[in-house]
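Undergrad: just the structure for this:
(one chain, ligands or ions: 3)
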Amino acid sequence: MPDAFDPTPADRFTFGLWTVGNRGGDPFGLPVRPALTPVQLVAGLAQAGAWGVNLHDNDLVPFGAPAAERDRIVAEFRRAVADHGLCVPMATTNLFSHPVFRDGAFTASDPRVRAFAVQKAMRGIELGVELGAETVVFWGGREGAETDACRDPRDAIRWYRECMNALTHWVRGQGWNLRFALEAKPNEPRGDIYLATTGHMLHFIETLDHPEMCGVNPEVAHETMPGLSFLHAVAQAMECGKLFHVDLNAQRIGKFDQDLRFGSEDLKGAFFLVRMLEGTGGRPAYDGPRHFDAHAYRTEDVDGVWDFARGCMRTYRILAAKARAFDADPEVRAILAANAHADEPLDCASILRAGGANAAARLSALSVDPEAIAARGLRYERLDQLLIEHLMGVRGGVHA
Ligand code: DIG
Ligand code: MN
Ligand code: MN
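TA: Numbering: from 1, shown residues only. Ligands and ions are numbered 1, 2, ... in the order given. Next up, the predicted model:
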């Protein structure tokens, strides 16, 4: 039964071939689902209401496939994408499955491996360009170590930079207007992964030859695993204009990378994330794809995979409606306005915003009364209770 929360192309929901193609295998169990072809996955995503499909090179073209076979596979995939009215906004390269990358790709101690990784990334980028991708994600799943006796981490970071610089210069030389989105993860599959969080990546980007080409692709699970705030990671990326892509899923703190259906854990965190991405309440919004980098429970059959995909998109749209209702709630707006002190007579905010060499001198001349300020409560208990009541559906009137 269609309703107001069915996905639309305007939502820009995307899934990777590896997400809905996940067969349910894990380190302790064999796959439980049949392999679906890329063409079958495209058809299923279109039917579920997705806008686009993403891929690693080897999700589509087997490693080492001859050129003619590669071209046949790509042509067939392009036809299926076009026939089903989807697009391919993002492409990425698998630099983590083949044993050659067992000690890393861009950070492997063997320079031949690093060179091979750059070659493979170039072929992956060419595939992405052929499919119309505008964003190239780099997830360095093997860039790390189990024992730091293996190499000096400073060398690893330098080698990472050398490879990224080689690729950015090459892409610019090809005249392609692509953006690189670097995805952080703290561990798994490596004991520790270099550049472990989005914050690490944001600094690393500024050390590259072409930082303007590079941004980040934060993933919910990857910041949540170590107990960090995913919202604050996304906020920092958005605030400096570097949120080039985003991987949406769900995760429990302290567990292995679960890649669960979006919103299925920490619903409050998912709400705040959707509120920020959608820019409800008049704040700047994110204008890129909403990519679900997740997969169905191992308990599921193929029908369950499409339940999973629909659930990701539906929960996102429901939370977006609840975020709009929350930001329109008069009592919410009144509490936030009272704490913004927009009309305070000293005009501290404008002095701070103006900045400059004399800001501190101007601030030091102000007569601020800390005791009077300290005596005032902020009503965050009531504010958060309002949020909870919006989420629980007893406030805000959001209905299908
Ligand atoms: C892991 O979360 C990684 C891989 O799934 C892929 O390389 C990237 C793009 O979403 N995320
Ligand atoms: Mn993940
Ligand atoms: Mn991811």
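Undergrad: so where do the helices sit in the stretch 151-300 of the chain?
TA: Assigned by DSSP state H, counting those that start in this stretch, the stretch 151-300 of the chain shows helices spanning 153-174, 198-206, 220-224, 230-239, 267-278.
Undergrad: so of those helices, which one's packed in deepest?
TA: Mean neighbour count (mean count of other Cβ atoms under 10 Å) peaks for helix 220-224 among the helices of the stretch 151-300 of the chain, with a mean of 26. Glycine gets a C-beta too; all of them are placed from N, C-alpha and C.
Undergrad: and the residue nearest the centre of the chain, how far from P218?
TA: Computing the C-alpha centroid of the chain and ranking residues by Cα atoms, centre = their mean puts V246 first, at 2.2 Å. As defined by Cβ to Cβ, to the nearest Å, V246 lies at a distance of 6 Å from P218.
Undergrad: can you list residues touching both of these two?
TA: Taking Cβ atoms under 8 Å, 6 or more residues apart in numbering as the criterion, V246 and P218 both touch V234.
Undergrad: ends of stretch 140-158, what's the gap?
TA: Start and end residues of stretch 140-158 are separated by 14 Å (Cα to Cα, to the nearest Å).
Undergrad: check contacts around L319.
TA: Shown in contact with L319 (Cβ under 8 Å, 6+ apart): 263, 267, 270-271, 274-275.
Undergrad: now with 10 Å, please.
TA: In this structure, L319 makes contact with 5, 262-263, 267, 270-275, 277-278, 280, 326, 391, 398, judged by Cβ atoms under 10 Å, 6 or more residues apart in numbering.
Undergrad: next: V216.
TA: 137, 180-184, 197-202, 204-205, 233-234, 236-237, 240, 242-246.
Undergrad: picking that back up, which one of the contacts of L319 is nearest to ligand 2?
TA: Set against ligand 2, the nearest of the contacts of L319 by Cβ to the ion is F262 (12.2 Å).
Undergrad: wait, that closest one sits on Y316?
TA: Yes - using Cβ atoms under 10 Å, F262 and Y316 qualify as a contacting pair, with a distance of 6.0 Å.
Undergrad: give me the common contacts of these two.
TA: Common contacts of F262 and Y316 (Cβ under 10 Å, 6+ apart): 13, 248, 270, 273-274, 290, 292.
Undergrad: tell me who's in contact with N249.
TA: By Cβ under 10 Å, 6+ apart, the residues touching N249 are 19, 219-222, 224, 257-265, 270, 291-295, 312.
Undergrad: grab the nearest non-local neighbour of T147.
TA: G191 (7.7 Å; Cβ to Cβ, 6 or more residues apart in numbering).
Undergrad: re the thing from before, so for F262 and Y316, which sits in the more crowded spot?
TA: Using other Cβ atoms under 10 Å, the more surrounded residue of F262 and Y316 is F262, with 27 against 23.
Undergrad: tell me how far the closest residue to the more buried one other than its chain neighbours lies from H232.
TA: Leaving aside its chain neighbours, F262 sits nearest to C312 (4.2 Å; criterion: Cβ to Cβ, 6+ apart). From C312 over to H232 the distance is 23 Å, taken as Cβ to Cβ.
Undergrad: tell me who's in contact with G254.
TA: Under the criterion of Cβ under 10 Å, 6+ apart, the contact partners of G254 comprise 224-227.
Undergrad: filter these to the buried ones?
TA: Applying 16 or more other Cβ atoms under 10 Å to the contacts of G254, the neighbour count classes 224-225 as buried.
Undergrad: residue ranges in the chain under the pLDDT threshold?
TA: Residues of the chain meeting the criterion pLDDT under 70: 400.
Undergrad: could you rerun that using 80?
TA: Along the chain, segments meeting pLDDT under 80 span 1, 399-400.
Undergrad: who in it is up against ligand 2?
TA: Proximity of the chain to ligand 2 (Cβ under 5 Å from the ion) is limited to residues 221, 257, 259.
Undergrad: not counting sequence-adjacent ones, nearest residue to the last one?
TA: Translated: D259. Take D259 and drop its neighbours on the chain: the residue closest to it by Cβ to Cβ, 6+ apart is A294, 4.6 Å away.
Undergrad: quick one: contacts for that neighbour?
TA: A294 makes contact with 15-16, 19-20, 22, 219-221, 247-251, 258-262, 264, 308-309, 311-312, according to Cβ under 10 Å, 6+ apart.
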